[in-house]
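K.L.:
pasted the sequence and its predicted model underneath.
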Amino acid sequence: MRVLVDTSVWIDFFNDHRSPQADALARLIEDEVEIVTCGVIVAEVLQGFRDAKIIAAVERHFSEMEWLTPEEPTTYVAAASLFRTLRSRGITVRSTIDCVIACLAGAGGALLLHKNKDLDRIVESTLAGARALRLT
């Protein structure tokens, strides 16, 4: 099993903010489950830190992970198509980045660990092939 962890979960985890998703991430790390990331998630996480030592530690943490890499232009065309299809069904996704993340997870065979309503809508649609990690 491989898991793509969304920005909101990493933020809770690094800030010691208890949430079911942050607790699940801690268990995944403890159980040595394969956790993957991608560029937009790393960029979003790192932009929230101010302390240079923390930034360096988090950068090292992410550099040790496998990264899901967009295939250009396929990933971006798929994300745009996903956005348009959802909108045509009356589902408004507020972030193009969420569409890209869902497409990367689907193509990379990774479950999504997130706490994001837009990703919930995308996963429920089954359009991107992304599946959410079920919390127990």
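P.N.:
Now that the structure is in, tell me what you want to look at. Numbering: from 1, shown residues only.
K.L.:
which parts of the longest helix along the chain are buried?
P.N.:
In the chain, with assignment by DSSP state H, the single longest helix is helix 74-88. Neighbour-count burial for helix 74-88 flags 75, 78-79, 82-83, 86 (criterion: 16 or more other Cβ atoms under 10 Å). In this view, the C-beta of every residue, glycine as well, is placed from N, C-alpha and C.
K.L.:
what do you get for stretch 58-75?
P.N.:
In stretch 58-75, the ones that count as buried by 16+ other Cβ under 10 Å are 58, 61-62, 68, 70, 75.
K.L.:
same question, stretch 119-136
P.N.:
Residues of stretch 119-136 classed as buried by neighbour count (16+ other Cβ under 10 Å): 119, 121-123, 125, 127-128, 130, 132-133.
K.L.:
can I get the CA coordinates of it in PDB?
P.N.:
Provided in PDB are the C-alpha atoms of stretch 119-136 (Å, rounded to 0.1, in the frame of the first residue of the first chain):
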ATOM      1  CA  LEU A 119     -10.800  15.900  -2.500                       C
ATOM      2  CA  ASP A 120     -13.800  14.100  -0.900                       C
ATOM      3  CA  ARG A 121     -15.900  15.200  -3.900                       C
ATOM      4  CA  ILE A 122     -13.300  14.200  -6.400                       C
ATOM      5  CA  VAL A 123     -12.800  10.700  -4.800                       C
ATOM      6  CA  GLU A 124     -16.500  10.200  -4.600                       C
ATOM      7  CA  SER A 125     -16.900  10.900  -8.300                       C
ATOM      8  CA  THR A 126     -14.400   8.100  -9.100                       C
ATOM      9  CA  LEU A 127     -13.400  10.100 -12.200                       C
ATOM     10  CA  ALA A 128      -9.700  10.500 -11.300                       C
ATOM     11  CA  GLY A 129      -9.200   6.900 -10.200                       C
ATOM     12  CA  ALA A 130      -8.200   8.200  -6.800                       C
ATOM     13  CA  ARG A 131      -9.300   6.400  -3.600                       C
ATOM     14  CA  ALA A 132      -9.200   7.700  -0.100                       C
ATOM     15  CA  LEU A 133      -7.500   5.900   2.800                       C
ATOM     16  CA  ARG A 134     -10.200   4.700   5.100                       C
ATOM     17  CA  LEU A 135      -9.700   5.700   8.700                       C
ATOM     18  CA  THR A 136     -10.400   3.100  11.300                       C
END
